[in-house]
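> Let me see the structure of the following:
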Amino acid sequence: QVQLVESGGGLVQVGGSLKLSCAASALTFRRYAMGWFRQAPGKEREFVSAITRNGGSTYYGDSVKGRFTISRDNAKISVYLQMNSLKPEDTAVYYCAAGDTALGLKSSKSNYWGQGTQVTVSS
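The predicted structure is shown next:
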């Protein structure tokens, strides 16, 4: 069992930056690929980014490529999402997820989910 707790969300102006963090509860963290998803009101959940177990490979949704960066620190059992050049369309609840593979996460195959953190980008 892995519990995930996101933090770092908030209100930011267009063009600003935020860094989300996701802390995991279990020392088995390094066994999982990790990812971020988001869901805006009235929209389906969207894949944002994923990272492999050892951090060697990363994947991004088309809408965030070049602006967002995912990273992980297995010693701190945490995963991060650095978000730069934020746009109003980035406004959503952001969820951390753990899965067997990063490519699986890209297909929304997740074993565990966090409770989400709100990101609001104001214009």
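> what residues are up against the spatially most central residue of the chain?
For the chain, the residue nearest the mean C-alpha position is W36 (2.3 Å; CA atoms, centre = their mean). The contact partners of W36, by CB atoms under 8 Å, 6 or more residues apart in numbering, come to L20, C22, V48, S49, A50, I70, V79, L81, Y94, Y95, C96, A97. Quick note: C-beta positions are derived from backbone N, CA and C, even for glycine.
> top of these by neighbour count?
Neighbour tally across these (other CB atoms under 10 Å): the maximum, 31 neighbours, falls on V79.
> Which element, helix or strand, includes it?
V79 is part of strand 78-83 when elements are defined by DSSP states H and E.
> and whatever helix or strand comes next after that strand with strand 78-83, angle?
Note on strand 78-83: by DSSP H and E, the next helix or strand toward the C-terminus is strand 92-99. Angle, strand 92-99 to strand 78-83, by axes from the mean of the first three to the mean of the last three CA atoms, to 10 degrees: 140 degrees.
> No more questions from me, cheers.
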